[in-house]
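*Asks:* below are the sequence and a predicted model for it; my questions follow.
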Amino acid sequence: MRILLPLVRITLLWCLTLLLPSCVEPYMPDVISSPKSYLVVDGFINCNGVTTLKLSRTSAINEPGISPAETKATVYLEEEAGSRYRLQEKTTGTYTSDNLRLNSAKRYRIHLIITPSKEYASDFVTAQLTPKIDDVKWQLDTKGINIFVNTHDPTNATRYYRWECEETWETRPVITSGIEYVNNKLQNRLIPYPTVCWGNEISTDIKLGSTASLSQDVVSDYLLRSYTSTNARFRHKYSILVRQHAQTQEEYNYWNLLKKNTENIGTLFDPLPAQITGNVHCLSDDSELAFGYIGAHSVEETRIFITRAQLPLSLPVSTGYDDCIADTVVSRDIPGVFGFAGNIPVAVISVGALGTSVECVDCRLRGTTVKPAYW
């Protein structure tokens with residue numbers, strides 16, 4: 001018994017360990033599943049153009065989807081002891097001003113009145129002029145294609161920067177079809193599938209740079225994007241628009257904390273999430289939270305293109321449709337293979353058909369057929 005008892009204990013512990021996962025149930029505390037909804041203000045004061053603000057509300061962590069928009073708000077851009085400009089709600093929850101040229105020597109804020117009775121305002125901040133972008137360039141190395149930005153402020157007055165990127169690229173299906181299977185029969189398509197579309201993506205990651213520790217206010221080869229050389233975005237023609245924002249140290253610190261909270265999480269060595277509020281406050285109720293930081297600055301933009309002709313011919317760039325194939329189906333099997341979908345593009349051959357999915361021939365599922373004005 002003295003010899004067998006430890007073995008019995010070990011076996012029992014092992015069985016309990018196997019059973020533990022089946023006893024785990026999800027737990028959502030009331031404070032998380034039914035939180036109070038707070039105002040979120042997203043945007044900045046453009047001192048040399050149109051100011052755009054998006055107003056929304058926080059939602060519970062267990063509620064999927066987009067945060068609800070804050071509509072029918074009264075929104076003003078105010079100069080300290082000066083003029084006031086109304087922002088109009090152009091689309092749901094999005095408010096825009098006229099094209100304004102603000103005095104960079106003045107201080108500005110956003111003033112909000114949310115129906116029925118709550119009033120918010122951001123702190124007054126000094127308007128900044130963003131330095132011009134020196135250049136945006138790309139380099140090809142053994143790992144792929146890297147895109148960099150360079151800038152500097154000869155007055156050494158900026159020191160803190162933020163960048164946003166908007167990318168556009170051509171996509172062209174490698175399989176074409178003018179015949180489809182509809183209502184249990186093959187028929188010619190009256191409107192052909194498009195042969196070229198344009199994909200588009202606006203960056204969601206936060207790109208920040210600081211020269212505060214340098215003797216000169218110079219940003220050199222800051223990495224914006226990095227892709228493998230086979231990425232399908234470079235199959236035909238690719239473009240990136242880079243927007244540059246000057247920041248105060250306070251605004252930079254806000255974005256840096258937001259970056260840590262949203263991008264650097266998931267491992268034991270990442271920083272713990274911290275509460276982020278910003279410089280927007282509720283004037284009618286001190287206990288009411290609001291989220292967002294409203295800075296005031298101009299914006300500088302630069303766009304570059306990369307074409308397939310600029311890359312080595314030996315570079316194995318993906319088509320973006322590498323998984324697309326056309327399967328052969330004999331005539332008698334067409335109803336069984338294609339009938340369940342109702343609308344399948346096919347190419348007829350003598351003994352049957354070659355069939356593939358709509359995703360492989362309709363590039364509108366990957367972009368738009370509207371050619372960009374800058375293309």
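*Replies:* Structure received. Because the structure is predicted, anything quoted here is derived from the model rather than measured. Numbers count the residues shown, from 1 in each chain.
*Asks:* alpha carbons only for contacts and neighbour counts from here, please
*Replies:* Will do.
*Asks:* low-confidence stretches in the stretch 1-150 of the chain?
*Replies:* The stretch 1-150 of the chain contains residues with pLDDT under 70 at 1-35, 61-66.
*Asks:* just the helices in it please.
*Replies:* 4-19, 30-33 (DSSP state H, counting those that start in this stretch).
*Asks:* which stretches of the stretch 151-300 of the chain form strands?
*Replies:* Along the stretch 151-300 of the chain, counting by DSSP state E, counting those that start in this stretch, strands occupy 160-171, 179-182, 185-188, 197-202, 207-210, 218-228, 237-247, 280-282, 290-291, 296-297, 299-307.
*Asks:* what's the model's confidence in the second one, averaged?
*Replies:* Which is strand 179-182. For strand 179-182, mean pLDDT rounds to 75.
*Asks:* can you check the first one too?
*Replies:* Along strand 160-171, the predicted local confidence has a mean pLDDT of 98.
*Asks:* ok, the fifth one next?
*Replies:* Summarised as a single mean, pLDDT over strand 207-210 is 98.
*Asks:* got the contact list for Thr126?
*Replies:* Going by CA atoms under 8 Å, 6 or more residues apart in numbering, Thr126 touches 104-108, 296.
*Asks:* of those residues, grab the buried ones for ChimeraX.
*Replies:* The buried residues among the contacts of Thr126 can be selected in ChimeraX (16 or more other CA atoms under 10 Å) with this line:
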select :104,107,108,296
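*Asks:* among the contacts of Thr126, which pair sits farthest apart?
*Replies:* Ala105 and Ala296 (11.3 Å; CA to CA).
*Asks:* measure Pro173 to Leu241 for me?
*Replies:* Per CA to CA, to the nearest Å, Pro173 is found 25 Å from Leu241.
*Asks:* got the contact list for stretch 171-179?
*Replies:* For stretch 171-179, contacts defined as CA under 8 Å, 6+ apart pick out 186-189, 192-193, 195-199, 233, 235-236, 319-321, 345-348, 360-363, 366-367.
*Asks:* let me know the closest of the contacts of Thr126 to Thr168.
*Replies:* Closest to Thr168 out of these is Ala296 (27.9 Å), distances taken as CA to CA.
*Asks:* the closest one against Asn48, yeah?
*Replies:* No. Counting by CA atoms under 8 Å, Ala296 sits too far from Asn48 to count as a contact (9.7 Å).
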